[in-house]
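A.B. asks: Fold the following.
(2 chains)
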Number of protein chains: 2
Amino acid sequence: MGEVNKFIKFAMKIESVDFFYLSMPEVLNIGDGSQDALLVRIRAGGIEGWGECEASPLTSIASYVCPMSHSACKPLKYSVEGMEINDTEDIIKISDNVHENSFDLLQSDHTLSGIDIALWDLLGKKLNEPVYKLLGYKKSYPKLLYASQLFGETPEETFEKAVKAKSSNFKAVKFGWGPFGKKGLENDIAHLSAAREGLGNDINLMVDAGTVWNESVDSARIRLPHLKSVQAFWLEEPFINLALDSYRQLAESLPAVPIAAGEGCSNFVQAKTMMEYAGIEYIQIDTGRIGGITAAKKVADLALRNNITYVNHTFTSHLALSASLQPFAGIEKDNLCEYPFELKSLAGDISKTKILPDDNGQVNLTGEPGLGITVDTQSLKKYLVDVEIKVNGKQIYYTPDL
Amino acid sequence: MGEVNKFIKFAMKIESVDFFYLSMPEVLNIGDGSQDALLVRIRAGGIEGWGECEASPLTSIASYVCPMSHSACKPLKYSVEGMEINDTEDIIKISDNVHENSFDLLQSDHTLSGIDIALWDLLGKKLNEPVYKLLGYKKSYPKLLYASQLFGETPEETFEKAVKAKSSNFKAVKFGWGPFGKKGLENDIAHLSAAREGLGNDINLMVDAGTVWNESVDSARIRLPHLKSVQAFWLEEPFINLALDSYRQLAESLPAVPIAAGEGCSNFVQAKTMMEYAGIEYIQIDTGRIGGITAAKKVADLALRNNITYVNHTFTSHLALSASLQPFAGIEKDNLCEYPFELKSLAGDISKTKILPDDNGQVNLTGEPGLGITVDTQSLKKYLVDVEIKVNGKQIYYTPDL
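C.D. replies: Down below sits the predicted model:
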């Protein structure tokens, strides 16, 4: 038996890596990230794993197949194809290789994200364990969902959205983007009041500014009393990623409103920097952007040591949701989960499996192997975007069969 | 006359933005960034400006033409094509628009870089001023060139390269990448000694580790005595970009060796973070990566206030070299210039104009309009890579005519 295992240990190599660009027929100019998707399918040893990049699909595909520019600007395929995939160390090694071989290729961490997620899914299926157990967690704790949605175009619309979310039994609701921060203080106050009025007093209200104030502390600071008066649970992304001084100055301003940020981080050191220098209380990580589950788990570990609450950032499919939950599934105190509430049909159709809230408004991962999500390849066919890239007459990418 | 100017003020709009992917016939797996190039040509009002992205060409092209994913993940063309280009404020506005419209598109700052550079070149030609004057500098000060080259594969080869650089009249020479940091301490010591021996005692010796120690302070720290003993002018990029703790701990270690870094910064706030938290003495900015001349000038201004020396990072053409010199041309104390010394023929053939050192080993920008560089379109034709990208059967990019 030992001999057999040893044989298996050296037997499994990555056989294929396929990217699928999916899109709604029409993509609107709104802050809704569920309008397109980039799925990654990796096959090895008769098993397949699935991942998702929360990233520009065409640009990510190009970064995977592009010709090498120099030793530190290689296409991602260089570090992935044909590699061994037998244990968790192999995944970490692939991640390290991508960083070494592609660190001058800016898009690489977004592309790596889907690859890394697919590898964890694949390995979990091979070892018959959920990903969170491969990450070292003994069990997965339930998380309180918060419904994540855009502000309405008008305060009235925001009110209606709040009422709808309340009637859907959510215990926490986030409003973000849309007109917030863009049409003056009075308009923002009206939206905040409408949101609170629609939700009543018992539901947590998060507010997401979507980096609208860039680096301007004053623009954010004058909103603090109004955020406080509607009991905002947090203010999210008032500034662009890594605007450390702005973040810290706001965090030290009164009235105190907890600050959340992190979705813009595209690797571990960026998230580390935000946790150590930005004064934030919540670090929000999208596994589809930060380099996948490998990088996200490092962030969750450091957040735990630094007494910062880790929260997933998810605005797309339930495949992405599972991938975003795994890295902090076993940390009991990190008990919040962003839950996309207004998904386009594409994002809903990606998986047969759904992660649904229980009567307490909580969600928990199952013990199913890998990510525990079955991708619905049949229903995806109508969303598939046909892409062809030729370099010097040679086809270097075309959309594979689902 | 006032009426005429007013008319001109509103007359010039961006008419075309063309990307040219150029490559050597063979790209080697070495740290030489001059093996391919991505040029940008922008036309408006009968004038054309040229820029260069220090970035993966195919990936950057894809980020320019890709379909929109959502409001913050738009292709760069959305923020550029048809925009007014009459004064410096218009360039800043385009840069701001790219950041707002594409901040979830990771590749965007690398792509913006070439666009922004071409816009400054174009505007300088229109207003008949060198770019550094448009940036507010009254004059351009000479900079001491340092020859930038790779370590040899063996200490003997490093020695020969040092002798050659010395005989070429350079007063400062940088060795980097290659085997350094990868083959053990003894090998590194041998290379450092060989470099110093070949250069003699009167030439400044910079050492570039190319992020080889990732975040490991100890790996870098044990080299400090040896760097000190060869009088290293600086140690460059011992760690990955934004590994703030590692950088600061090394900067505080003895024996003291000045630390340089920054080429990995892809926007202003990253460079700001490195300057304020990493303990570096030199900030090295590549205008082809950081978002162009607009972002680089902001870094130079902040470096001046923070008493950090600004140095260009340039490993490609003389077009890129001019673009990298403009942002700090007028700062007299920032008197160093990275000068690529081993360019592949492609990078040399990009421009008819060359920026050559004088007898003192110094270089200075001329007062020629724009970047002062004439692109040699004829000689580039043999390097042109033919690219075609189709989405759902529709051709969204093909290589334009030079």
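A.B. asks: how about the helix or strand where residue A:320 lies as CSV, C-alpha atoms only?
C.D. replies: Element membership of residue A:320, judged by DSSP states H and E, is helix A:318-325. Taking C-alpha atoms only, helix A:318-325 is exported to CSV below (Å, rounded to 0.1, in the frame of the first residue of the first chain):
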residue,chain,number,x,y,z
HIS,A,318,-21.5,30.5,-5.7
LEU,A,319,-18.4,28.9,-7.0
ALA,A,320,-16.6,32.2,-6.1
LEU,A,321,-18.5,32.3,-2.8
SER,A,322,-17.3,28.9,-1.8
ALA,A,323,-13.7,29.8,-2.8
SER,A,324,-14.0,33.0,-0.8
LEU,A,325,-15.3,31.2,2.3
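A.B. asks: Just confirm yes or no for it near chain B.
C.D. replies: No. Applying C-beta under 8 Å from any C-beta of the partner chain, one finds helix A:318-325 separated from chain B by no less than 13.7 Å. From N, CA and C alone the C-beta is placed, and that goes for glycine too.
A.B. asks: so how far is that helix from its chain's centroid?
C.D. replies: Remark: helix A:318-325 is offset 7 Å from the chain centroid, using C-alpha atoms, centre = their mean, to the nearest Å.
A.B. asks: Quick check: mean pLDDT of that helix?
C.D. replies: Regarding helix A:318-325, the rounded mean pLDDT is 97.
A.B. asks: which strands and helices sit next to it?
C.D. replies: Contacts defined by 3 or more C-beta pairs under 8 Å, 6 or more residues apart in numbering or on different chains; DSSP states H and E place helix A:318-325 against strand A:47-53, helix A:108-127, strand A:309-312, strand A:336-340.
A.B. asks: any idea how far residue A:315 is from the residue most central in space within chain A?
C.D. replies: Closest to where the C-alpha atoms of chain A average out (C-alpha atoms, centre = their mean) is residue A:286, at 2.5 Å. Distance, residue A:286 to residue A:315, using C-beta to C-beta, to the nearest Å: 8 Å.
A.B. asks: what is in contact with those two at once?
C.D. replies: The contact sets of residue A:286 and residue A:315 overlap at residue A:54 (C-beta atoms under 8 Å, 6 or more residues apart in numbering or on different chains).
A.B. asks: Tell me where the stretch 151-300 of chain A has strands.
C.D. replies: Taking DSSP state E, counting those that start in this stretch as the test, the strands found in the stretch 151-300 of chain A are A:172-176, A:204-208, A:232-236, A:259-261, A:282-285.
A.B. asks: want to try TSV for the ones you listed, with mean pLDDT and mean neighbour count as columns?
C.D. replies: Below are the strands of the stretch 151-300 of chain A laid out as TSV (pLDDT from 0 to 100; neighbours: other C-beta atoms under 10 Å in any protein chain shown):
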stretch	mean pLDDT	mean neighbour count
strand A:172-176	94	24
strand A:204-208	97	24
strand A:232-236	98	23
strand A:259-261	98	26
strand A:282-285	98	26
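A.B. asks: Can you lay out those strands as CSV showing distance to residue A:30?
C.D. replies: Converted to CSV, the strands of the stretch 151-300 of chain A look like this (distance: least, C-beta to C-beta, whole Å):
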stretch, distance to residue A:30
strand A:172-176, 11
strand A:204-208, 14
strand A:232-236, 18
strand A:259-261, 21
strand A:282-285, 20
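A.B. asks: who wins for proximity to residue A:69 among these?
C.D. replies: Among the strands of the stretch 151-300 of chain A, the nearest to residue A:69 by C-beta to C-beta is strand A:282-285 (29.1 Å).
A.B. asks: Sheet-wise, list the partners of the closest one with their directions.
C.D. replies: Sheet pairing of strand A:282-285 (DSSP bridges) gives strand A:259-261 (parallel), strand A:309-312 (parallel).
A.B. asks: Quick one: residues contacting the nearest residue to residue A:49 once chain neighbours are set aside.
C.D. replies: Spatial nearest neighbour of residue A:49, excluding adjacent residues (C-beta to C-beta, 6 or more residues apart in numbering or on different chains): residue A:122 at 2.8 Å. With contacts defined as C-beta under 8 Å, 6+ apart, the neighbours of residue A:122 are A:42, A:43, A:44, A:47, A:48, A:49, A:85, A:370.
A.B. asks: Quick check: the residue nearest to the centre of chain A vs residue A:89, distance?
C.D. replies: As defined by C-beta to C-beta, residue A:286 lies at a distance of 24 Å from residue A:89.
A.B. asks: quick one, which of the helices and strands packed on helix A:318-325 is nearest to residue B:25?
C.D. replies: Between residue B:25 and the helices and strands packed on helix A:318-325, the tightest spacing by C-beta to C-beta is seen for helix A:108-127, at 25.3 Å.
A.B. asks: After the closest one, which helix or strand is next?
C.D. replies: Using DSSP H and E, the helix or strand that follows helix A:108-127 towards the C-terminus is helix A:131-134.
A.B. asks: residues contacting the residue in the stretch 101-250 of chain A positioned nearest to chain B?
C.D. replies: Ranked by C-beta to the nearest C-beta, the top residue of the stretch 101-250 of chain A for proximity to chain B is residue A:107, at 4.1 Å. Residues near residue A:107 by C-beta under 8 Å, 6+ apart: A:55, A:56, A:59, A:60, A:62, A:63, B:56, B:59, B:63, B:106, B:107.
A.B. asks: One more: residue A:131?
C.D. replies: Contacts of residue A:131 by C-beta under 8 Å, 6+ apart are A:120, A:121, A:123, A:124, A:293, A:323, A:326, A:370, A:371.
A.B. asks: Skip the chain neighbours and tell me the closest residue to it.
C.D. replies: Using C-beta to C-beta, 6+ apart and skipping the chain neighbours, the partner closest in space to residue A:131 is residue A:326 (4.3 Å).
A.B. asks: Does that neighbour touch residue A:371 like I think?
C.D. replies: Yes. Residue A:326 lies in contact with residue A:371 (C-beta atoms under 8 Å); the separation is 7.1 Å.
A.B. asks: Next, show the common contact partners of those two.
C.D. replies: Both residue A:326 and residue A:371 are contacted by A:120, A:130, A:131, under the criterion C-beta under 8 Å, 6+ apart.
A.B. asks: In three-state terms, label residue A:396 for me.
C.D. replies: Secondary structure, DSSP: H, G, I helix; E, B strand; the rest coil: residue A:396 is strand.
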